[in-house]
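Enquirer: need the 3D shape of this:
(2 chains)
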Amino acid sequence: MISVKNLSKLFGHFSAVEDLSFDIKPGDIVGFLGPNGAGKSTTMKMLTGFLQPTSGTIDIFDLSMARHAKTIQQRIGYLPEGAPAYGDMTTYQFLKFIAEVRGFKGKEKERRINEVVEKIELQEVMNRPIENLSKGFKRRVGLAQALIHDPDILILDEPTDGLDPNQKHQVRELITQLAKDKIVIISTHILEEVTAVCNRVMIIAKGKLLFNDTPLSLQKRSRYYQAVTIHLSYLADISGLAELEGVAEMEVEQKTGHVTLFPEPGKHILHEVTAHVQRAKLPVDTLFIEQGRLDQVFRELTTEVA
Amino acid sequence: MAHIFILFKREFAGYFASPVAYVFIGIFLVLSAVFAFFIGGFFERGQADLLAFFNFHPWLYLFLVPAIAMRSWAEERKSGNIELLMTLPVSTWQATLGKFLAAWSVLGLALLLTFPIWLTVNYLGKPDNGIIVAAYLGSWLMAGAFLAIGMCMSALSKNQIIAFILAIVVCFLFVVSGSSIVLDSFKGWAPSLLLDTVASFSFLTHFEAMAKGVIALNDVGYFILVTMAWLYAGLLIIEQKKAD
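Expert: Predicted coordinates for the structure are as follows:
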């Protein structure tokens, strides 16, 4: 349980985070979204106790971060931005160091290391110095380091940055597996990632919390949510489509010839559209329901405050 | 305690994972021998002691210890590892002590490896080995004070070179405040109390007796106090600057 109240952080006169308040419960996978420099990393640094807030409070498991940082940090796994690690150490030495600092000894220590290495598939780089590893492996070593003590809270700053699509998929799978009874907070600027793994989205821009709800309700904000897009094989009269019940607006994209029908709020128009297509014998070769265009919602939300 | 030891192990191994420790020890051994034999006149003095060797230690440490200390915090901040370190259940003072002890051990090791000169003096004559051990301990203690200054300067800047130069400047002030160059400029106009105060801040003044094997409480206390004060200053600075 994380409870944040009126959190603010000033760097000199620059306000990085402004009056942020939110609660996060176990089982939540929160996606922190925001443009670069929005205050995502600063917020995460405060949640992990690395930075002291200028004002406001952070309570984690009913303990105050200001007073019990070291106790709380035992239950947090943190992957800082850029996945820093001691480059002169090998993967094994590094994980052993982290395990020891986390208080594991002897057999338990080895068991934990083996477990996490297997989970993240680091076997082949165990004895290579971290500074010689590829970006993807470095990131995975950082992830392994954050997981070694099976933390209740996992805070990952851009966990999939620099990974190839397969590795991204793997990391997302891992996060969803882990998240059952934990709190996971990930920051990202990849929008698809949020719908893929998170059950909660927070959008931050210019240090302010702009949105805090499920990915679905973020999609619902899009004009395109539940809109129907069709494409015709050859020219035909489509004027009837705009007259259908529940259709608020019709847009034709000149370049691709895609026709998009926007529903009135809360209406489902697929049935009407397909019925009309059959009635008018329109030569439709593509038909799909839009899920809501997140990039457009994101742009709208984050440029409002600019 | 356990945490300090774990951090100490990592730091100590870190010095040997890169060439830093080897280069440092190598240069220290060569320079200390050069100073003792050529400039100190080890043979010409015709005495069975290591004064010619120990007398130059403050000047050796002046350049070499900042080189060891410069990376301690600067590198940690530059690479972003500090974020990892400070969010582990480790306190800043544990991290500071772990780092200090690791670097201090490297310095101790370098000192130990000067044993051939001790063998030489024992082969040539009959020195008082108690005095020599005391002087070694005194030298190591002084190295700790240099190191604490260096670490504090390393906490000030992300740039190792800047940390190195700052450390040399501050160490230099602490060394020369007891030398005749500085003291002469005070003589004649300054009250003797001020003169004594300036001189009493000097590493040279406090090491002088130690190099002769006299371990006096005020000298030992001085170096321990200076070390602790600078370590604490470094700790406060790193707490302030860790996120910059």
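Enquirer: switch to C-alpha atoms for all contacts and neighbour counts from now on
Expert: Will do.
Enquirer: and stretch B:12-24, is it in reach of chain A?
Expert: Yes - residues of stretch B:12-24 contacting chain A under C-alpha under 8 Å from any C-alpha of the partner chain: B:Gly14, B:Ala17, B:Ser18.
Enquirer: start to end distance for that stretch?
Expert: 13 Å (C-alpha to C-alpha, to the nearest Å).
Enquirer: report the buried residues of it.
Expert: Under the neighbour-count criterion of 16 or more other C-alpha atoms under 10 Å in any protein chain shown, stretch B:12-24 has B:Phe12, B:Gly14, B:Tyr15, B:Ala17, B:Ala21, B:Phe24 buried.
Enquirer: from these, which land in helices?
Expert: If you go by DSSP state H, the buried residues of stretch B:12-24 have B:Phe12, B:Gly14, B:Tyr15, B:Ala17, B:Ala21, B:Phe24 in helices.
Enquirer: switch the residues you listed over to TSV; also include pLDDT.
Expert: As requested, these are exported to TSV (pLDDT from 0 to 100):
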residue	pLDDT
B:Phe12	94
B:Gly14	91
B:Tyr15	92
B:Ala17	88
B:Ala21	90
B:Phe24	91
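Enquirer: closest to B:Ile82 out of those?
Expert: B:Gly14 (15.1 Å; C-alpha to C-alpha).
Enquirer: where do the helices sit along chain A?
Expert: A:40-47, A:65-73, A:91-101, A:106-120, A:135-147, A:165-178, A:191-197, A:215-220, A:239-243, A:270-279, A:294-304.
Enquirer: got a list of what B:Phe43 touches?
Expert: B:Phe37 (C-alpha atoms under 8 Å, 6 or more residues apart in numbering or on different chains).
Enquirer: does it sit in a helix, a strand or a coil?
Expert: Going by DSSP: H, G, I helix; E, B strand; the rest coil, the secondary structure assigned to B:Phe43 is coil.
Enquirer: give me the most central residue, chain B.
Expert: B:Ala143 (2.2 Å; C-alpha atoms, centre = their mean).
Enquirer: OK, contacts around A:Gly142?
Expert: Contact partners of A:Gly142, counting by C-alpha under 8 Å, 6+ apart, are A:Leu79, A:Ala83, A:Pro84, A:Ala85.
Enquirer: among those, which one has the lowest pLDDT?
Expert: Across the contacts of A:Gly142, the bottom pLDDT score, 89, is held by A:Ala83.
Enquirer: how about the residue nearest to the centre of chain B, phi and psi?
Expert: phi -60, psi -40 (degrees, to the nearest 10).
Enquirer: count the neighbours of the nearest residue to it once chain neighbours are set aside for me.
Expert: Once flanking residues are discounted, B:Ala143 sits nearest to B:Tyr61: 6.6 Å by C-alpha to C-alpha, 6 or more residues apart in numbering or on different chains. Applying other C-alpha atoms under 10 Å in any protein chain shown, we find 22 residues neighbouring B:Tyr61.
Enquirer: which outside residues touch the strand or helix carrying B:Tyr61?
Expert: For B:Tyr61, the element it lies in under DSSP states H and E is helix B:57-69. Contacts to helix B:57-69, defined as C-alpha under 8 Å, 6+ apart, come from residues B:20-21, B:24, B:28, B:31-32, B:103, B:139, B:142-143, B:146-147, B:150-151, B:154, B:163-165, B:167-168, B:171-172, B:175, B:203-204.
Enquirer: any idea of the mean pLDDT in the very next helix or strand once past that helix?
Expert: Remark: after helix B:57-69, the chain's next helix or strand is helix B:71-79, criterion DSSP H and E. Mean per-residue pLDDT for helix B:71-79: 91.
Enquirer: next: stretch B:186-194.
Expert: pLDDT averaged over stretch B:186-194 gives 77.
Enquirer: likewise for stretch A:115-129?
Expert: Stretch A:115-129 comes out at a mean pLDDT of 91.
Enquirer: buried stuff in the helix holding B:Tyr61?
Expert: B:57-69.
Enquirer: same list (the residues you listed) but as a markdown table, adding distance to A:Leu47.
Expert: Shown next, in a markdown table, are the buried residues of helix B:57-69 (distance: C-alpha to C-alpha, whole Å):
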| residue | distance to A:Leu47 |
| --- | --- |
| B:His57 | 47 |
| B:Pro58 | 46 |
| B:Trp59 | 46 |
| B:Leu60 | 45 |
| B:Tyr61 | 42 |
| B:Leu62 | 42 |
| B:Phe63 | 41 |
| B:Leu64 | 40 |
| B:Val65 | 37 |
| B:Pro66 | 35 |
| B:Ala67 | 36 |
| B:Ile68 | 34 |
| B:Ala69 | 31 |
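Enquirer: where does the chain dip in pLDDT?
Expert: Using chain A here. For chain A, the stretches with pLDDT under 70 are A:305-306.
Enquirer: the intended chain is chain B.
Expert: In chain B, residues with pLDDT under 70: B:48.
Enquirer: quick one, helices of it?
Expert: Under DSSP H, chain B gives helices at B:2-17, B:20-34, B:51-54, B:57-69, B:71-79, B:81-87, B:92-112, B:115-124, B:129-156, B:160-176, B:180-186, B:192-200, B:203-211, B:217-241.
Enquirer: taking helix B:92-112 as reference, get the angle to the second one.
Expert: Inter-element angle recorded for helix B:20-34 and helix B:92-112: 40 degrees (by axes from the mean of the first three to the mean of the last three C-alpha atoms, to 10 degrees).
Enquirer: which helices and strands sit right next to helix B:20-34?
Expert: If you count contacts as 3 or more C-alpha pairs under 8 Å, 6 or more residues apart in numbering or on different chains; DSSP states H and E, helix B:20-34 packs onto helix B:57-69, helix B:92-112.
Enquirer: so which of those helices is nearest A:Lys9?
Expert: helix B:92-112 (21.5 Å).
Enquirer: what's in contact with the closest one?
Expert: By C-alpha under 8 Å, 6+ apart, the residues outside helix B:92-112 that reach it are B:1, B:3-9, B:11-12, B:21, B:25, B:28-29, B:68-69, B:72, B:86, B:136, B:140, B:143-144, B:147-148, B:151, B:231, B:235, B:239.
Enquirer: ChimeraX command to pick out the buried ones of these?
Expert: Entered in ChimeraX, the line below selects the buried ones among those, by 16+ other C-alpha under 10 Å:
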select /B:3,4,5,6,7,8,9,11,12,21,25,28,29,68,69,72,86,136,140,143,144,147,148,151,231,235,239
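Enquirer: now distance to A:Phe288 too, for the helices and strands packed on helix B:20-34, in a markdown table please.
Expert: Below are those laid out as a markdown table (distance: least, C-alpha to C-alpha, whole Å):
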| stretch | distance to A:Phe288 |
| --- | --- |
| helix B:57-69 | 64 |
| helix B:92-112 | 57 |
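Enquirer: on that earlier part again, any idea which of the buried residues of helix B:57-69 is closest to A:His68?
Expert: Out of the buried residues of helix B:57-69, the member with the shortest distance to A:His68 (by C-alpha to C-alpha) is B:Ala69, at 31.1 Å.
Enquirer: what parts of chain B come near chain A?
Expert: Going by C-alpha under 8 Å from any C-alpha, the residues of chain B near chain A are B:3, B:6, B:10, B:14, B:17-18, B:79-81, B:83-84, B:86-91, B:243.
Enquirer: ignoring the adjacent residues along the chain, who's closest to the closest residue to chain B within the stretch 201-306 of chain A?
Expert: In the stretch 201-306 of chain A, the residue that lies nearest chain B is A:Gly207 (17.3 Å; C-alpha to the nearest C-alpha). In space, and not counting its chain neighbours, A:Gly207 is closest to A:Val17: 3.8 Å by C-alpha to C-alpha, 6+ apart.
Enquirer: wait, what's in contact with that neighbour?
Expert: A:Leu7, A:Ser8, A:Lys9, A:Leu10, A:Gly39, A:Thr42, A:Thr43, A:Lys206, A:Gly207, A:Lys208.
Enquirer: can you tell me how far it sits from chain B?
Expert: Using C-alpha to the nearest C-alpha, to the nearest Å, we find A:Val17 at a distance of 15 Å from chain B.
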